[in-house]
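Peer 1: Below are the sequence and a predicted model; questions follow.
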Amino acid sequence: MKAFWILATIASFSGVTTSCTSSSQNTSQAQVQNQKPAVAVDVAIASLEALEEENRYTGTTAPIREVAVKSRLEGRLLDLSVDVGDRVEAGQAIAQLDDAVLSATVLQADAEVAARESEVSQANAAVGNAIAQVERARLEYQQAQADANRFTQLAKDGAVSSQTAENATTLARTAEQSLRSAEQQVSLQQQTVGASSQRVLAQEAIRLREQERQSYTTITAPISGVVLERISETGNLLFAGNDVIKLGDFSQVKVIVLISELEISKVRLNQSVDVRFDTFPNQKFTGTVRRISPVADPVARLIPVEVVVPNRDNKLGSGQLARVQFSSGQARQIVIAETALEVAGRPTQATKDANTNANIQVKPKTDTKPSTNASDKGKPKTGTVFVITGDQKEPKVAARKVILGDRRDGKVVIFSGLKEGDRLVIRSGGKLQDGDSIKLSVLSESSK
């Protein structure tokens, strides 16, 4: 009897142990099932775009203007102080011609001016002498006239003879003639002074001309810019009109693009365009249409269009490849890839296999495209996307309903439900549900 109770007690303990072990195994399996692994996804950022693709054209940069610096007179080039790539300022001396002959000519002109000024001084002195002679003649005339009046009165009184009175009158008339002659001499001498002064002015003009010609021996930059080409060299004999260097003004650069006559209607003067350069791939420049050629190529039917781009930092040079994009005028909206709409309704292969093994009927794939039934006409097209939530270390997804617009080339317009900068899943390695943890792939876009 005692042995029976011992066996019963052992059996009871064995049952309890088996029950606890079974319960622990079930709990562990439930925890494993609840711990769903993070799904790998590709993430993109919602941005404002134009659904219609904008045309892009390529061209080559050139300075806004080019200037050939020429010699203005004949002479040997003694010095050329700039080289290709050097930046110069307007008025800066860049070359020097031999000026020995012109220096001598200027000295000769200075001597001629001094001689003419001496003639003017002599003429002025002659005018002074003539004026003094006039004053002396005037006094003599006044005295002779007084004597004539006195002797005439005395002759009437019988104090002197009439012959004496007539002689006094004759002397007065002679003195008057001398006065008139002296006054004419003053006028003549004054005219001589005027003529001499004009000769001085003419000679000074000649001197200024020769000085100006001498200044041409120092060749200066007519504009601020960069040396594009060095045409002449030190020691060369230059003639008037010979090129010395070429300068380019890079305060702005111009790009000539060739546009089809079918697309030229979209281009207008002063239109703003986006310009990108391979030299600066991460920077966008804004240009302006300055000129549309009225003449098209008769064979290719392409029309040259000149686009001007500001170059405030002097980053842009000549000969760089430019990619010009003309805006189509279409409003920019939130545009995403259509694949983002497929993520919500696409079951994974693992889920399909599990459902098959369990003999569970798989529900048909939910079409993200709106229904085409007659009752749905007039209703906005909707879809579902998954946006990224949570922190960067443990990102998760949240399902969000969006209203769809036009589709084109694998992209779709979002009228509402997303804003610029939202991060959303465009491809997924498995079926997603609201709140699932995810793992971002290396192809995912990162927010700036």
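Peer 2: That came through fine.
Peer 1: Spit out the contact partners of residue 301.
Peer 2: 260-261 (Cβ atoms under 8 Å, 6 or more residues apart in numbering). From N, CA and C alone the C-beta is placed, and that goes for glycine too.
Peer 1: gap between it and residue 184?
Peer 2: Per Cβ to Cβ, to the nearest Å, residue 301 is found 86 Å from residue 184.
Peer 1: Endpoints of stretch 275-282, how far apart?
Peer 2: This stretch, stretch 275-282, spans 11 Å end to end (Cα to Cα, to the nearest Å).
Peer 1: So which residues make contact with it?
Peer 2: By Cβ under 8 Å, 6+ apart, stretch 275-282 touches 61, 255, 283-287, 307, 309, 315-316, 320-325.
Peer 1: Buried members of these into PyMOL, please.
Peer 2: Buried residues among the contacts of stretch 275-282 (16 or more other Cβ atoms under 10 Å), as a PyMOL selection:
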select buried, resi 61+255+285+287+307+309+316+320+322+324
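Peer 1: Cross the contacts of stretch 275-282 against strands and list the overlap.
Peer 2: Assignment to strands by DSSP state E places the following of those there: 61, 255, 283-287, 307, 309, 321-325.
Peer 1: Among those residues, which pair sits farthest apart?
Peer 2: Maximum pairwise distance in the ones in strands among the contacts of stretch 275-282, criterion Cβ to Cβ, is 17.7 Å, between 286 and 321.
Peer 1: what separates residue 196 from residue 113, distance-wise?
Peer 2: 12 Å.
Peer 1: Can you classify the closest residue to residue 45 other than its chain neighbours as helix, strand or coil?
Peer 2: Leaving aside its chain neighbours, residue 45 sits nearest to residue 445 (4.9 Å; criterion: Cβ to Cβ, 6 or more residues apart in numbering). Put simply, residue 445 is coil when judged by DSSP: H, G, I helix; E, B strand; the rest coil.
Peer 1: quick one: low-confidence ranges for the stretch 301-448 of the chain?
Peer 2: For the stretch 301-448 of the chain, applying pLDDT under 70 flags the ranges 327-331, 344-379, 447-448.
Peer 1: residue ranges of the helices in it, please?
Peer 2: 339-342, 349-357 (DSSP state H, counting those that start in this stretch).
Peer 1: Residue 116: what secondary structure?
Peer 2: Three-state call for residue 116 (three-state DSSP): helix.
Peer 1: start at 19 instead
Peer 2: With the count now opening at 19, the last piece we talked about shows up as residue 134.
Peer 1: mind listing what residue 406 touches?
Peer 2: Counted by Cβ under 8 Å, 6+ apart, residue 406 has contacts 61, 413-415, 441-443, 456.
Peer 1: for residue 451, same thing?
Peer 2: Residue 451 touches residue 417, counting by Cβ under 8 Å, 6+ apart.
Peer 1: Residue 426 versus that one, what's the distance?
Peer 2: 30 Å.
Peer 1: Quickly list the domain ranges of this protein.
Peer 2: Annotated domains of the chain cover 54-69+351-458, 74-84+268-343, 86-117+235-256, 118-233 [automatic domain parsing].
Peer 1: Great, nothing more from me.
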